[in-house]
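**Q** 3D, please:
(one chain, ligands or ions: 2)
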Amino acid sequence: MSVEQTLSIIKPDGVQKNLIGEIYSRFEKAGLEIVAARMLRLSKQQAEGFYAVHAERPFFKDLVSYMTSGPVMVQALQGEDAIAKNRQIMGATNPAEADKGTIRADFADSIEENIVHGSDAADTAQQEIAFFFGDDGVCERTR
Ligand code: ADP
Ligand code: MG
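**A** Ligands and ions are numbered 1, 2, ... in the order given. Below is the predicted model:
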């Protein structure tokens, strides 16, 4: 285990359901620190770029239209094992398969509208944090 950073997004359905505080509370209770945060409405181009890895998937067009349907809350999380820890707190992609007590099991309506995004590995975490926060948009926790 080591201290890692990961990218989290509260997707448009999570913002619409007024879950920002609830989700931040779950991160903080699990020992994850928020080290960068911003709200924005993704452009089509941003959503396509962020999810470029899924460009050939049948659900890509719907995914882009979902992700641009309203504002998202984007944050970088830091902590021991942050990448896996965030994925545990989120639950499986399909809420029907997500463990009880996870964000997706508790709040998601479908495999598409599943409330949150989380990076899946160290390299994607680094790329995704840079995508939203550039080189200097993450705050060091000095206390
Ligand atoms: P995760 O977000 O759990 O890492 P993926 O990277 O596989 O999942 O997929 C990215 C996002 O695309 C999912 O969170 C979900 O919003 C959407 N998605 C994934 N699979 C499907 C599917 N079979 N049908 C519709 N949307 C999907
Ligand atoms: Mg993914």
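**Q** Ligand 1 contacts on the chain?
**A** 54, 59, 63, 93, 111, 112, 114, 117, 120 (Cβ under 6 Å from any ligand atom). Quick note: C-beta positions are derived from backbone N, CA and C, even for glycine.
**Q** which residues touch the fourth one?
**A** Shown in contact with residue 93 (Cβ atoms under 8 Å, 6 or more residues apart in numbering): 104, 111, 114.
**Q** Check the last one too.
**A** Contact criterion Cβ under 8 Å, 6+ apart gives 83, 87 as the residues in contact with residue 120.
**Q** And it, how far from residue 128?
**A** For residue 120, the distance to residue 128 equals 10 Å [Cβ to Cβ, to the nearest Å].
**Q** Excluding residues flanking it in the chain, which one is nearest residue 9?
**A** Take residue 9 and drop its neighbours on the chain: the residue closest to it by Cβ to Cβ, 6 or more residues apart in numbering is residue 117, 3.9 Å away.
**Q** er, residue 5 I mean
**A** Using Cβ to Cβ, 6+ apart, the closest residue to residue 5 is residue 78 (4.9 Å).
**Q** Can you verify the one you found is assigned to a strand?
**A** Yes: counting by DSSP: H, G, I helix; E, B strand; the rest coil, residue 78 is located in a strand.
**Q** tell me which residues form a beta bridge with it?
**A** residue 5, residue 33 (DSSP bridges).
**Q** I figured residue 13 hits residue 113, correct?
**A** Yes: contact criterion Cβ atoms under 8 Å: residue 13 and residue 113 qualify, at 4.6 Å.
**Q** what is in contact with those two at once?
**A** Taking Cβ under 8 Å, 6+ apart as the contact rule, the neighbours common to residue 13 and residue 113 are residue 66.
**Q** more neighbours, those two?
**A** residue 13 (21 against 17; other Cβ atoms under 10 Å).
**Q** how much distance is there from the longest helix along the chain to the middle of the chain?
**A** Counting by DSSP state H, the longest helix found in the chain is helix 122-133. Computed by Cα atoms, centre = their mean, to the nearest Å, the separation of helix 122-133 from the middle of its chain amounts to 11 Å.
**Q** who's in contact with that helix?
**A** 4-7, 36, 38, 49-50, 74, 76, 83, 119, 138.
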